[in-house]
Structure formats: C-alpha cells, structure tokens
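Trainee: With the sequence up front, the predicted model follows.
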Amino acid sequence: MKTIKSFLVILILLVLVTSDSFAQNMYRIHEDVVKPSHIMEYEAVVNEMLALVKKHNIQDTNWITSSTINSHYLFISPLKNMAELDKPSFISELVEKEGSEKIMALFNRMDKCYDTELDYIISLDEELTYMPGGISQTIEGENFREFHYIYLAPENRAVVKEKMKAIKALYESKNSKTYYRVYKSGFGTDGEFYMVAIAAKDAEDMAAKGKANQELFGEEGQNVMWEMYSNVLKYEKMEAEMRPDLAYSPK
C-alpha cells in the first residue's frame, strides 16, 4: 500500500510539472562546450552546416544561437510539445539530400571541437518576465547578454517564486528601463533554476543599465533583492552574445 501511495504521489507531481510546462513557451537547447583552442574550427564547421541547411531551405527546423564568454554554444529552438522530440531531426534530411558520407564527415570534424554536449528543455515564464513593450528573445541592436542563474532547492520553490514576483513588481512600480526575461529549468537540466536574461548593446551599456537601476531602486531595491537571494541555493552569472550569424530560420 505504501508503494502504491508513493507511486500516486509521483504521478500527480509529474502531471503538475507537465501541465505547467505546456502552459508556457518551451525551448529545446542543444549546448556544445567547445574547447577554447577549437573555437575557430568549430565555427567554421557550424557555418558549413548552416550553408547546407540554407541551400536546401529545410523547413521543419529553426533556431537562434548564443555563445558564452567561456565558449559554450547554445542552439535554442522553440518546442511546441514533448512529442516533437520524437520527430527526425534536420540532420536526417541533410543526409538524404547530401549523402551520409559528407554529413558524417562534417559532424566528425565538429565532434573533435568539444568533449561535452548537452540537450535539455527550458520554459519562458511570462508571469515573472519584465518586458512591458512585448516579449522578444532578439532585440535589435542589443546582442550582448547577461544570463543570471538562480538555483533553488525544492523546499524553497514557492518562496523563491514569490520573491521573483516582488522583484518584477518593483521594476514595474519604478518603471525601470532595464528589461529581462525569466526562464524556468525543465527536463534534462542540471538542477532546478530560474535563468534571467538581460540584453544590452555591449558590456558598457549593461553596466550603465545596472548603475541606473541602483540609483532608481536605492535601498528598497537592495532589500527586495536580498530577500530573494537569501532563499536560493546558489547563484551564477554568465556573459554571452547572441549570434545571428549562426542562427537559422527557413524562408
């Protein structure tokens, strides 16, 4: 009986998690952790692959790309539902059109450029996102990014979300000009986290936005932020750049 009850609890939790994921915009991330000494070779291979995808105008795929300061390359594709994961990838179409020998040779060259590749899912949390003019992942003229990873323990899940809501309310009340998107970790991620993405023109512009926010929020802002950070497991910040040159969208 105890085993059956445990199974039912797990089943209910899975249903709740799945329902929450489908209520938001999901994204599939393929992440290559590229060796610093192989960055140029890696990008050359990606551009060759991209040229082939464009040549055949492959329809059933699209992605935006970001590269971090520590040479992680993230290929971000929208995901309508989990069933899409079972569909053949665009690679199978490339093999059909260009031949397996050519495509496999391309990916063999790419594989030499990294020792680790990851695949996971994150979801855009519109409730926590602050973009008054409308949500967009790509902002014209602002390709510089800061990714703030806020890791949380399951026991603090509810309280951290409430603190994140309080931060958004502060931004709204002060009419902050620094906008951000919030993503929630999902299937395949390393731990549970929120990822806050902030866009700017460059590092200097990002620093200016941060200084303007400090002056705008004052001590009130420090207190609200501390209430959130005092309940998290750990925090990491990563600088990155959006790479339109490595993105793809069919015509």
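Mentor: Nice, thanks for sending it over.
Trainee: Name the nearest residue to residue 174, sequence neighbours excluded.
Mentor: Spatially, and ignoring its direct neighbours in sequence, residue 174 is nearest to residue 216 (5.1 Å; C-beta to C-beta, 6 or more residues apart in numbering). Where C-beta positions appear, they are placed from N, C-alpha and C, glycine not excepted.
Trainee: what's around the one you found, how many residues?
Mentor: Residue 216 has 16 neighbouring residues, counting by other C-beta atoms under 10 Å.
Trainee: And the longest helix along the chain, what's buried?
Mentor: Taking residue count as the measure and DSSP state H as the definition, the longest helix of the chain comes out as helix 203-229. The neighbour-count check on helix 203-229 (16 or more other C-beta atoms under 10 Å) flags 206, 209, 213, 216, 217, 221, 224, 228 as buried.
Trainee: Which of those residues sits closest to residue 134?
Mentor: Lowest distance from residue 134 to these (C-beta to C-beta) belongs to residue 209, with 18.8 Å.
Trainee: Correct me if wrong: residue 221 contacts residue 171.
Mentor: No - with contacts defined as C-beta atoms under 8 Å, residue 221 does not count as touching residue 171, sitting 9.2 Å away.
Trainee: For residue 76, which three-state class applies?
Mentor: Applying DSSP: H, G, I helix; E, B strand; the rest coil to residue 76 yields a three-state assignment of strand.
Trainee: ok, now which ones touch it?
Mentor: Going by C-beta atoms under 8 Å, 6 or more residues apart in numbering, residue 76 touches 27, 28, 29, 63, 64, 65, 66, 137.
Trainee: Helices - which of these land there?
Mentor: Among those, no member falls in helices (DSSP H).
Trainee: Pipe those into JSON lines and attach neighbour count, pLDDT and distance to residue 97 per row.
Mentor: Compiled in JSON lines, the contacts of residue 76 are given as follows (neighbours: other C-beta atoms under 10 Å; pLDDT from 0 to 100; distance: C-beta to C-beta, whole Å):
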{"residue": "27", "neighbour count": "20", "pLDDT": "96", "distance to residue 97": "27"}
{"residue": "28", "neighbour count": "20", "pLDDT": "95", "distance to residue 97": "23"}
{"residue": "29", "neighbour count": "20", "pLDDT": "96", "distance to residue 97": "26"}
{"residue": "63", "neighbour count": "20", "pLDDT": "95", "distance to residue 97": "19"}
{"residue": "64", "neighbour count": "19", "pLDDT": "96", "distance to residue 97": "24"}
{"residue": "65", "neighbour count": "19", "pLDDT": "97", "distance to residue 97": "22"}
{"residue": "66", "neighbour count": "23", "pLDDT": "97", "distance to residue 97": "28"}
{"residue": "137", "neighbour count": "16", "pLDDT": "86", "distance to residue 97": "29"}
